[in-house]
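Visitor: return a 3D structure for these sequence lines:
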Amino acid sequence: MSANSEIGHVAETVKGELSGKEIKIAMNGKFVSEALKAVDDEYVEMSFNSPVSPFTIEGTENKNSSYLVLPVRTNA
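Guide: Below is the predicted model of the structure:
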């Protein structure tokens, strides 16, 4: 995970497993962090369709809640 704004640059590395086609997507780290804090599972599943489509975050064991996150458009 990385962030780049007028204020600064932030990068986070997280372990994960990938299934399907690899995509590059920009996202607001604050929204992702809030969704991850709200999930009460050790592992989460993030489901993507395209770099410009909203994606979901949900726990792998507790599927009672699903969090929708909008991507951020970039010029790069």
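
Visitor: sec struct for the residue positioned nearest the centre of the chain, please.
Guide: Most central in the chain under Cα atoms, centre = their mean is residue 32, positioned 5.3 Å from the mean C-alpha point. Under DSSP: H, G, I helix; E, B strand; the rest coil, residue 32 falls in the helix class.

Visitor: excluding its backbone neighbours, what's nearest it?
Guide: Nearest non-adjacent residue to residue 32, counting by Cβ to Cβ, 6 or more residues apart in numbering: residue 69, 6.1 Å away. C-betas here are computed from N, CA, C, even on glycine.

Visitor: and the one you found, bridged to which residues?
Guide: residue 55 (DSSP bridges).

Visitor: return the distance of it relative to residue 61.
Guide: Counting by Cβ to Cβ, to the nearest Å, the separation of residue 69 from residue 61 is 20 Å.

Visitor: among those two, which residue is more densely surrounded?
Guide: residue 69 (18 against 11; other Cβ atoms under 10 Å).
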